[in-house]
Each structure stands twice: as structure tokens, then as C-alpha cells.
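1. this one's sequence-less:
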């Protein structure tokens, strides 16, 4: 009979063996799906010389995965034993009902994983049989009801035969759920200290957002929140970033200075020699503000408290993000990642946009929510960056199977619009919009290989006799046969102005007089810091930007000072110059420039590689309607490209009548003066 303890342990042994086989199958499928990545990872980790401090994290991750599978085995066993107690006739052949219960539970987990996380490698197994998302969800509902019914029967058995045990188990479960859902102090007051004179300052960044992909600028896309925000804001429609990569761009936003001036010239640059003094958060903290920075992806941007922030809210930062955030794709862990328990078990995946397979926008907001809910006695400076529109433009809600890469990009913008609405609802509920200046921006744009993404049209190329000739080759062509007026990615091409064109808008909440208009003057993200300081009537020295505050604050007769704008690229391997980059190939091509900081376990660029990065850079200057760009062709020569931004005419022949009648010589002089020795020998 099933009351026999030996039979119960026999069932447990069978279920344990079954679970072990399933884990081996999972692991073999994982190796099959990720074999290229694992092979590349071996090369990467060998090149990086991972510190010994990483090893305990790897062991812990493996133990967590094994523990989850053991936990499922125990749950199936307890449910089986409990149900068999209710139905003694089944006890004679109790092993078979127990295996059936185990199989039903595991099938529920697999179908749930396919339903909630369609980009999971394990979802492909289910999609072979359930090729339609509606069918998948329907089957999941049926299996879920069946599994819940079995658990309910087990509870009824427990109440009948083990009531004390049920009470204890239920109490522990409730305690765990309450503890994990409320790990921070509750809200005690929504009263804000911000005033008309010292409003909350909130900078909201969106990664890789092209302004022309918003409904406000005429595209047929569902972005109602951003469209509404922009309709009641001062919008600078021709804003540019000095370097179209997240880390250098945000550093320029916060310091008001060019990447060359700060010393952050690439993603993951080392910061020991960076000039971060008088940054915006440092100055606002000195003025009595509480300073906070938050982002949902840190793989290529290491902004920390050294910028002047009191607190940093991000997923776990460092080499662990690259390792565990990428490979954490197992059905059991996937279903737990976005729970409060999963936040504790998988800190590299929870709220992490880089772990796009399981990324849900609300998880990142849950990381931020407790900090906003805390009582405060200072006005807030919050800089927050949302990365949903970053490549690969996928998440738990955007399936790789739904459309092409352009449709994925558009869908990611629609999803971040919803995320922003939820974020602003949080701000409003906690009183942060009672008095506030909000800046909405994108750190850079995105070139999607559209015609015109590079501003060099073949028909407008000129030589000395102003006839159309063979156009120059900017750099080795990619496998995608990129046309001369096409560009891809961001930070790869200074003439790909869709990479450098950013969203920039200021909105006032119960402070000042809002000037709702579109300003078409060319401005820079460097202007944000002086604009905020000027708005607060604080001095703004040590800035390469200019204040836009008077335009935002309703002064109509304001003319912006004329400033040339300098642009540069980051290190760009061939694998990244496409709208279909293979992330692992990108890592392989660039891995020799990185190392792991043994103290922080952060991935940083090797100091020895800085000169190679500088040598690979393209440079450009924009002065009114003229633009001059320099493209490296070899170690000693950068090819000049001169373009008139109004007519679109362009040339690489600086001896032509067209070039000599332009300010090309002055533009080249400005570039050499600004970049100094980097261009002095070229």
C-alpha cells in the first residue's frame, strides 16, 4: 500500500531519476542551441583572463539551477503522495500516476515558457507542435488548470491527513511572499520638498531612439505617451550627440563637455583619468539635491557614484552580466526570473534589458519603485535610461518570429512608450511632478540601412568638373552590400546622421512658463547641463554647451549662439557595421580591447588599446550648413568628405573648385585645433 514509507521513497527515487534525465536533456539542448556561443565564450574568457573571484558565482549559478530542478522533483513527489492518499486504489501502481503527474507539471512549465518567453531556445521545441501563439496560450491554460487542480487535491489531502504540516507550510509560504514583495520601507508620505524655485530635475533617456520613428514626427506608430509629452513641450528637432554610443553620450550629457574633453571616448572606457569634476549631479548635490541614476542595461555603460550620484539603480554590473545574463535560459528559471524570488536568485537577469529573452519592462520599474516611494527631505535629480529600443529590439513581449528587424525596432519603441507611461504614473503618484523640469531625450539614434541614413547621395557626388563619377569607398564594404547612402548601427559612421540625430525635449511641470514649440536650430546634448543650471539660476562654467533655458521658459526673442559641433565615432569592428550584427561575433572581434577589472569585476577597455581606438575613429565638424568628415583609410591618411547639408552636394576632392569656394579649409583647421595631436600628423 502507498502508506508504506518504502514505496513513497521508491516513487521519489523514480521521480529524481526522471528529473535528472530531463536536466541532462535540457543541458544537451542548451549546448546544441548555444554551441557557437559556448565555443566563443571559451575564447573570450581565455582572452579576458577571468579572475578567480568569478568562479564562486559560476558554481552558485549551477547550484541554483540544480536546486530548482530538485525543488520541482520534491513538489511533484509531495503532490503525488498526497493525491495517492486520497485514492488508495491508485496506490498499488503508484509509480505510474506519480510519473503522469510529473509529466503533466513539466509539460505545463514548457508550454508556459513558450507562451511567456517566445524567444527562449526551449520555446522552439513547443512551437514545432504548437506553431500558433493562440494555440500555445490555450494549451497552457488547459494544462495550468489541470496542474492547479492536482495541487488543490494535494492540499485537500494535506488538510485531511496532515493539517499541522499544511498550516506550517502555508505560514512559511505567506511569510516568504510578503517579505519578497515588500523588501523596502513602505510609503509614509507623498509630500515633496521640491518647490517652484527648486523643482525636481528628471532626465529621461531612451536608447537608440530615432525621432522620425515617433508619431509626433509623422510616422504611423503607436506612441501616444511620447506624442502627448512632446505636444506640450519645447522640442529641439535638430539635436545631435557628439558620439553615438551610450556611455560617451551620457557622460557628455552629465558633464556638458565633449568626449575628448572628458576622456570617455568609447563604451566601457576606464575612468581613472576621466575629467568628471563639476558634473551635473555633483553640482546639483552641492545645491541640496538627492541624486539618483537608474538604467536597465549596463553592459556597455559604467556610470557610477563617481559621477556625483548618491545611488545607482541597475541590474548587477560586471562580467557576470555577460556570462549569466546571456546563458540563463532554462524553462524553470525563466518562469521565476521576473518574480520577487527570481530577483534574489537571478540578479543578473531581473530587470536586465540585455537578458532580452526574459526582460519585462515592469521588472525594471520594480527596481526603481521602492526608491521613489521613500520619504525624502530634498528635491530629486533623477537620470534614468530605458534601453528597450536597443538592438536586438526584442524582449519577452517581442518575438523574433514576428516580422523583420525594422518591425522589431518599431515594436520596441511602442513598448518603451508604454513603459514610459507607467514610469510617469509612478512619478505622479509619488508627487515628483508637482514641481519638475523633465528632459526627454535619446542618447543617440539608429541607422537602419534606409536610403538616406548616410547623407551622401550618389547623384550628388562632385569632382572638380562637377560631374557624377565613381564615389569613394569609405571603409571596407560589409557582406550586406551597403550602398553609399546607407548606414547601419550607431557610433559607426559620422556621415550617418540618423545615428547622431537625437530626441530632445524639455517640459515644465508647474514651474516657469512653458514654451510649447518646435525649435529647428541645431543643438547638442551638451546643452542639457547648462540649460538645467541656468534654469535653476546656478552658474554653469566648464561646459562646451550653451543654455536653452530661456527658449524653454517662454522667452520668444532668443537667438542661440553659433557654435560648431564636433562628432566622432567609437571603435567599430566589421561585425557591428550592419543592422543584423551577430553579438557574439562583435565580442570576438573586439574582445582583445577588453579586460576584467579584478577589483570590481567590471569589463573595461585596456589602456594599451586606447591608441588603436583613436586611430580607428572618424571625425566630423558641422558649422551652419557645412560639414567636413575625416575617414581613416590607413595609418597615415584620413580621407576628407565635404558636404553641404542644404543642397546635399558632396565631394572628397579638396582641390576642386567646389571645395575651394567653401569653408573647407576653416573646417579642417577647426578639427585639427580641437582634436590636436590626433590629427596633427594626418
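-> Good, I have the coordinates. Note that the coordinates shown come from a computational prediction; the quantities given were computed from them, not determined experimentally. Numbering: from 1, shown residues only.

2. return the distance of the residue most central in space within the chain relative to residue 353.
-> Closest residue to the average C-alpha location of the chain: residue 387 at 3.0 Å, with C-alpha atoms, centre = their mean. Using C-beta to C-beta, to the nearest Å, residue 387 is found at 4 Å from residue 353. C-beta: built from backbone N, CA, C; applies to glycine.

3. between those two, which contacts overlap?
-> Here residue 387 and residue 353 have 296, 297 as joint contacts, going by C-beta atoms under 8 Å, 6 or more residues apart in numbering.

4. the residue nearest to the centre of the chain reaches residue 351, doesn't it?
-> No - contact criterion C-beta atoms under 8 Å: residue 387 and residue 351 do not qualify, at 10.8 Å.

5. what touches both of those two?
-> residue 296.

6. domain assignment for this protein?
-> 5-181, 200-315+357-459+494-561, 574-680 (automatic domain parsing).

7. which ones are touching the residue nearest to the centre of the chain?
-> Per C-beta under 8 Å, 6+ apart, neighbours of residue 387: 207, 208, 246, 295, 296, 297, 353, 354.

8. quick one: contacts for residue 404?
-> Applying C-beta under 8 Å, 6+ apart, no residues qualify as near residue 404.

9. what's the distance between it and residue 454?
-> From residue 404 over to residue 454 (counting by C-beta to C-beta), the distance is 21 Å.

10. same deal with residue 551?
-> Residue 551 is 30 Å from residue 454, by C-beta to C-beta.

11. of those two, give the one with the bigger neighbour count.
-> residue 454 (24 against 21; other C-beta atoms under 10 Å).

12. I'd assumed that one was in a strand, is it?
-> No - in this structure, residue 454 is coil, not part of a strand, as judged by DSSP: H, G, I helix; E, B strand; the rest coil.

13. any idea how far residue 246 is from it?
-> In terms of C-beta to C-beta, residue 454 sits 21 Å off from residue 246.

14. equivalent analysis for residue 675, please.
-> Distance from residue 675 to residue 246, by C-beta to C-beta: 22 Å.

15. what about these two, which has more around it?
-> Legend: neighbour count by other C-beta under 10 Å for residue 675 and residue 246, higher for residue 246 (28 against 20).

16. and the nearest residue to that one once chain neighbours are set aside, how many neighbours?
-> Among residues not flanking residue 246 along the chain, residue 301 sits closest, at 4.6 Å (C-beta to C-beta, 6 or more residues apart in numbering). Using other C-beta under 10 Å, the number of residues around residue 301 comes to 24.

17. for residue 301, what are its contacts?
-> Taking C-beta under 8 Å, 6+ apart, one finds 246, 247, 250, 267, 268, 295, 385 in contact with residue 301.

18. nearest to residue 143, of those?
-> Nearest to residue 143 among those, counting by C-beta to C-beta, is residue 295 at 37.1 Å.

19. name the helices or strands packed onto the helix or strand residue 363 falls within?
-> For residue 363, the host element (DSSP states H and E) is helix 361-373. If you count contacts as 3 or more C-beta pairs under 8 Å, 6 or more residues apart in numbering; DSSP states H and E, helix 361-373 packs onto strand 290-295, strand 311-313, helix 405-429.

20. ok so, going back, show the pLDDT at the residue nearest to the centre of the chain.
-> The model reports residue 387 with a pLDDT of 97.

21. my guess is residue 303 contacts residue 297, does it?
-> No - using C-beta under 8 Å, residue 303 is not in contact with residue 297, being 11.5 Å away.

22. how many neighbouring residues does the closest residue to residue 239 other than its chain neighbours have?
-> Leaving aside its sequence neighbours, residue 239 sits nearest to residue 504 (C-beta to C-beta, 6+ apart; 3.6 Å). Neighbour count for residue 504, taken as other C-beta under 10 Å: 27.

23. equivalent analysis for residue 672, please.
-> Neighbours of residue 672 using other C-beta under 10 Å come to 16.

24. that one: what secondary structure?
-> helix.

25. give me the distance between it and residue 220.
-> 45 Å.

26. select from the contacts of residue 387 every entry located in strands.
-> residue 295 (DSSP state E).

27. among the contacts of residue 387, which ones are buried?
-> 207, 208, 246, 295, 296, 297, 353, 354 (16 or more other C-beta atoms under 10 Å).

28. would you turn those residues into a markdown table with pLDDT and distance to residue 659?
-> As requested, these are exported to a markdown table (pLDDT from 0 to 100; distance: C-beta to C-beta, whole Å):
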| residue | pLDDT | distance to residue 659 |
| --- | --- | --- |
| 207 | 98 | 37 |
| 208 | 97 | 34 |
| 246 | 97 | 35 |
| 295 | 97 | 43 |
| 296 | 96 | 46 |
| 297 | 93 | 42 |
| 353 | 94 | 44 |
| 354 | 92 | 44 |
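
29. what about these, which are in helices?
-> residue 246 (DSSP state H).

30. what's the closest of the buried ones among the contacts of residue 387 to residue 66?
-> residue 354 (24.6 Å).

31. following the helix or strand of the chain with the lowest mean pLDDT, which helix or strand shows up next?
-> Using mean pLDDT, DSSP states H and E, helix 35-48 stands out as the lowest-scoring helix or strand of the chain, at a mean of 51. Next helix or strand after helix 35-48 toward the C-terminus (DSSP H and E): helix 55-86.

32. now that next one: how far from the chain's centre is it?
-> Between the centre of helix 55-86 and the centre of its chain there are 33 Å (C-alpha atoms, centre = their mean, to the nearest Å).

33. so after it, what's the next helix or strand?
-> Past helix 55-86, the next helix or strand by DSSP H and E is helix 95-116.

34. circling back to that earlier point, for the helix holding residue 363, give the mean pLDDT please.
-> The model assigns helix 361-373 a mean pLDDT of 93.

35. now the helix or strand just after it, how far from the centre of its chain.
-> Remark: after helix 361-373, the chain's next helix or strand is strand 380-386, criterion DSSP H and E. Mean-position distance between strand 380-386 and its chain equals 14 Å (C-alpha atoms, centre = their mean).

36. now do stretch 613-633
-> Worked out by C-alpha atoms, centre = their mean, stretch 613-633 lies 27 Å from the chain centre.

37. in it, what counts as buried?
-> So stretch 613-633, judged by 16+ other C-beta under 10 Å, has buried residues 613-614, 617-623, 626-632.

38. repeat for stretch 356-363
-> Applying 16+ other C-beta under 10 Å to stretch 356-363 flags 356, 357, 358, 359, 360, 361, 363 as buried.
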